[in-house]
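S.K.: Sequence first, then the predicted structure:
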Amino acid sequence: MPPELSVVLAAVALPFVAAVSTPVLYRLLGERTGYAGVAVALASFLLLASQRGTEGTVGLEWIPSLDVALRFYLDGWGLLFAMLACGIGTLIFLYSPAYMHGEPHLARFYTALLAFMGSIVGVALAADLIAIFLFWELTSLCSFVLIGHYTADDSSQYASRMAMFITVGGGLFLLVGLLLLSVVAGDVVGPDAAFNLAAMLETPEAMAEGLRERGLFLPVLALLAIGAGTKSAQVPLHFWLPNAMAAPTPVSAFLHSATMVKVGVYFIGRMRPILVGEEWLFLFATLGLTTMTVCAVMAVAATDIKELLAYSTASHLGLMVAGFGFTSIYGAETGVFHLLNHALFKATLFLVAGIVAHEAGTRNIDNLGGLRHDLPVTAIITVVVALSMAGIPPFNGFYSKELLFEAAVEASHYHDIGVLGWLYPAVAVFGSVFTVLYSLRFLSLFFGDRPDALGHVHRPSTTLVVAPGVLALLAAAVSIRPQLAVDVIVQSGVDATALEHHEMHVSLPTSYSPPVGMSAVTIAVGLAAYPFYDRIHDGLNAALAAAPPIAANWWYDAIVGGLTSGGARVGDYIHNGLLRTYATWTLLGTCGLALAGFVAAGTVASSELIGFDAAPAVALVLLVAVVAGLAVALSDSHIAGILTLSILGFMVAIFYILASAPDLALTQLVVETLVLVIFLLVIEEIPEYYEVSLGKYARDAVVSLAVGATAFITVLVTTDARPEGSTDIARVYAEQAVPEGGGTNIVNVTLVDFRGFDTMGELVVVAMAAISILTLIVMRSGGDDE
Amino acid sequence: MTTVVMRTTARVVVPIILVVSISLFVEGHNLPGGGFIGGVLTTTAFAVIYLAFGLDFLERGVLGRDVDPGKEPSRDRVVVAYRRLFEYGLAIAVLSGLAPLVFGQPFLTQTFVIFEHVPLYGEIELASALAFDFGVYCVVVGGLLTILSVVGAE
């Protein structure tokens, strides 16, 4: 059954419409704007829920001539992700008004949060490569605003810049990958489907074959992996995610659990049918397992509860990526099921962390403990979700972790991967041990002795507890009846990401199998190592302090710092505040590029062009122009220079008349006059005479010679390249001007009828020039009164 | 440059330039001309006024308004008007491009109608591109005049 276009459009557009109207809503509702967000998110959720079970593409035309469309593809996988974003979004909006009580800039906060949710839904459902990229980058922009919510705070600024730098940078790799993909799709699927992801997904084998034939398989795979890896915080670019905890807690809960960081994982799942293969296994299984282990270890080293959760998020993202990396059916099951499970428990944990920080006034793990007396309901919630994160049976995280172990063991049965066949399962177990450790540590905030330093802990308001409570109930429901979740949504997601159909069954294991043994080892070692947690924690921190290059932040700071200072040094040289320097660099740069272009293209001007074959009138006009040019260089005052320069300009105008181009001549005449007038207005302000050193003279001579030579060569080459007679384009314009545009002036008809879009661009340029001159003049006098 | 010769010439020439620029704009679709050239020519007329009579002449002599001596050039009422002109011009151009969407045509589609038997003219052609061209004209006039008067005031 195909989906309803209007319903899908409404679900995607509703958050954006609400985001635009947030300033008005905020004026009406004040801090209760969050509840309007609840309504919007819930509405989107219900709209999407009504499309459950449908599959197919719907869309609006966008740029039909390039076959770019606002196309949406609904299947189980996209729907699962979009519904997660909306569902958890609903709870986040419910939680925010109480948590953000009294904070500044709430209107901006809700605007960004709504747009963020809308763009995630957009990425999940879009089936057009261009639309995917746009929504993808929109998530980065919104997260930039959200992470940097406390604009005055240095760490917020640092974190939001880092997130932007990494994710938007990764997005550029993705863009190149998508473009390469579209080139191949244009050949394989058909020119109408160059950007149509849904059409590519219908013939995944042909696409893979086409990519391999053109030698583009590995480049596309690598580029998409970089894009997805940066978004989903895979090693070695995982560090932006823990820094992103500078955002307000509702944002962290949303960002880290259901949305942006999972977009990468989502996309890996989306592309899986097309690109899966041995390279895919090596790349993503290795990347995912490395991320999972490194970040789990880093989470144990964390001292702040949000930092612990953030590293744990990166670690679980690694788990999902590794799951999708394994080519067997268990791999797809791991990725899809863990995406759901992780969203349920991690959103809850962040909301719990928010409650703890809000009510206890600290986020430092060492200062917290025994909170079960103060926050009994929160403690119960935490028990469910922390044990789920640890992967302890029968909680829901256990089932998807079992699937990962299964997939890791199965990997060596499908492919001949040598030593990796036992290394993958071993690493998975090793990383999971740390998962158990930090999960127990988080849980211990509520148990044990209450530190004396901890002051009075308030009871959280009901709205703060409702959201995590609902999520914990859902997690508990999945824990008790995992098969129910599978039947409702997970199975259809697996079908969309896996190569073959497979009935998925999840239940508690009743007999021994390798994954059961691995789980037992993981939990036993984790429990046994827990008493030594503080020693492990201190040891890790000592190692990090002893060798800063281990921490990824160090690399980021070094690279960004180096680029900044290097850029400043280059800037001082090229950009030193003297107009002459700018002109020199701009002109020489342009000449260099133009000449390099000719050389690279192997263009040679034919020697026939050099010769004197001009009508006497034309020759005379051009001769006058040359003389005027010489006079400009020799004139001893500015006024004389300008006047002689306009002689040159008027000669060019006359040349246009002789060459029967009246429009061009008219324009040249009028513009020349206007420029002359403007020059005369300005010239009085310019000093009469400069003291110029010989070196500057030499430099200027070289620059002017280079520019002149380049212009000369360009004219030679381009006039030589002109085809004999009129081209097709010229003929079409000449023939169609009267019937199509109703004008006999071809130039004007071309400008306004045939190429109106270009003219529009030029208009914007004129307007921008005027605005920038205004700005320059206002800024010079300080511009503070603006 | 405010000599008597200059002023007298300006008095004669400016109206001619303005009329020519308008005719260039109107018949641009069929003869050499169009919004861009018409706009630049109109600006030239203003430039001649500036040269002959000074920058404040428009405010004081034509519009009869007092000029604040200490005021920044960009805050002049005339400059604000110029700025508005190119803003509106851009809006006209974009809106005229959006109008075809209402009729289910692609962005910036143009069409034309010919009215027969009009008194005096006989036959008049009205092209929708004229609206777009008018936007071009406004942007060029507004933008160039903004530049001219701001730079000139320096």
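M.R.: That came through, no problem.

S.K.: Give me the three-state assignment for the residue located most distally from the centre of chain B.
M.R.: Each residue of chain B has a distance to the centre, and by Cα atoms, centre = their mean the biggest one is for B:G104: 31.3 Å. Here B:G104 is coil, with the state taken from DSSP: H, G, I helix; E, B strand; the rest coil.

S.K.: For A:L681, list the residues it contacts.
M.R.: A:L681 makes contact with B:47, B:50-51, B:148, B:151-152, according to Cβ atoms under 8 Å, 6 or more residues apart in numbering or on different chains. No exception for glycine: its C-beta is placed from N, CA and C like everyone else's.

S.K.: pLDDT below threshold where in chain A?
M.R.: A:605-612, A:685, A:688-691, A:721-723, A:780-786 (pLDDT under 70).

S.K.: OK, now which residue of the stretch 351-500 of chain A is nearest to chain B?
M.R.: Relative to chain B, the nearest point of the stretch 351-500 of chain A is A:A496 (34.5 Å; Cβ to the nearest Cβ).

S.K.: Just give the nearest non-adjacent residue to that residue, would you?
M.R.: Using Cβ to Cβ, 6 or more residues apart in numbering or on different chains and skipping the chain neighbours, the partner closest in space to A:A496 is A:W77 (3.8 Å).

S.K.: Pretty sure A:I147 sits against A:Q157.
M.R.: No. Between A:I147 and A:Q157 there is no contact under Cβ atoms under 8 Å: 9.4 Å.

S.K.: Show me which of these two is the more surrounded one.
M.R.: Higher neighbour count among A:I147 and A:Q157: A:I147, with 28 against 15, using other Cβ atoms under 10 Å in any protein chain shown.

S.K.: Would you check how far apart the more buried one and A:P460 are?
M.R.: Plainly put, A:I147 is 24 Å away from A:P460 if you go by Cβ to Cβ, to the nearest Å.

S.K.: before we move on, the earlier item: which element is the residue of the stretch 351-500 of chain A closest to chain B on?
M.R.: Per DSSP states H and E: A:A496 is located in helix A:491-497.

S.K.: could you say what helices and strands the very next helix or strand once past that helix packs with?
M.R.: Scanning forward in sequence from helix A:491-497 by DSSP H and E, the next helix or strand is helix A:514-529. On a contact count with 3 or more Cβ pairs under 8 Å, 6 or more residues apart in numbering or on different chains; DSSP states H and E, helix A:514-529 meets helix A:396-414, helix A:420-443.

S.K.: quick one: low-confidence ranges for chain B?
M.R.: Along chain B, the model assigns pLDDT under 70 to residues B:1-2, B:63-76, B:154.

S.K.: returning to what we had before: tell me who's in contact with the residue of the stretch 351-500 of chain A closest to chain B.
M.R.: Residues near A:A496 by Cβ under 8 Å, 6+ apart: A:75-78, A:269.

S.K.: Among those residues, find the one with the greatest number of neighbours, please.
M.R.: Top of the contacts of A:A496 by neighbour count (other Cβ under 10 Å): A:G269, with 29 neighbours.

S.K.: Could you give the backbone dihedrals for it?
M.R.: The phi/psi pair for A:G269 (degrees, to the nearest 10) reads phi -60, psi -40.

S.K.: how close does the residue lying farthest from the centre of chain A get to chain B?
M.R.: For chain A, the largest distance from the centre (Cα atoms, centre = their mean) belongs to A:P616, which lies 61.3 Å off. Applying Cβ to the nearest Cβ, to the nearest Å, the value for A:P616 to chain B is 25 Å.

S.K.: likewise A:L674?
M.R.: Counting by Cβ to the nearest Cβ, the gap from A:L674 to chain B is 5 Å.

S.K.: Identify the spatial nearest neighbour of that residue, chain neighbours not counted.
M.R.: Nearest residue to A:L674, sequence neighbours excluded (Cβ to Cβ, 6+ apart): B:T44, at 5.1 Å.

S.K.: For that neighbour, the count of nearby residues, please.
M.R.: Using other Cβ under 10 Å, B:T44 has 24 neighbouring residues.

S.K.: how about it, what does it touch?
M.R.: For B:T44, the contact set (Cβ under 8 Å, 6+ apart) comprises A:670, A:673-674, A:677, B:17, B:21.

S.K.: try 7 Å
M.R.: B:T44 makes contacts with A:670, A:673-674, B:17, as judged by Cβ atoms under 7 Å, 6 or more residues apart in numbering or on different chains.

S.K.: likewise A:L9?
M.R.: Listed by Cβ under 7 Å, 6+ apart, A:L9 has no contact partners.

S.K.: how far is the one helix or strand it maps to from where the chain is centred?
M.R.: Applying DSSP H and E as the criterion places A:L9 in helix A:5-29. The chain centre lies 22 Å from the centre of helix A:5-29; the measure is Cα atoms, centre = their mean, to the nearest Å.

S.K.: Show me which residues of that helix are buried.
M.R.: A:7-9, A:11-12, A:14-16, A:18-19, A:22, A:25-26 (16 or more other Cβ atoms under 10 Å in any protein chain shown).

S.K.: Surely A:A379 and A:R372 touch.
M.R.: Yes. Counting by Cβ atoms under 7 Å, A:A379 does reach A:R372; the two are 4.0 Å apart.

S.K.: joint contacts of these two?
M.R.: Common contacts of A:A379 and A:R372 (Cβ under 7 Å, 6+ apart): A:F446.

S.K.: my read: A:E402 touches A:P515, true?
M.R.: Yes. If you go by Cβ under 7 Å, A:E402 and A:P515 touch, sitting 4.9 Å apart.

S.K.: Now the stretch 101-250 of chain A against chain B: closest residue?
M.R.: For the stretch 101-250 of chain A, Cβ to the nearest Cβ, closest residue to chain B: A:I130, 16.7 Å.
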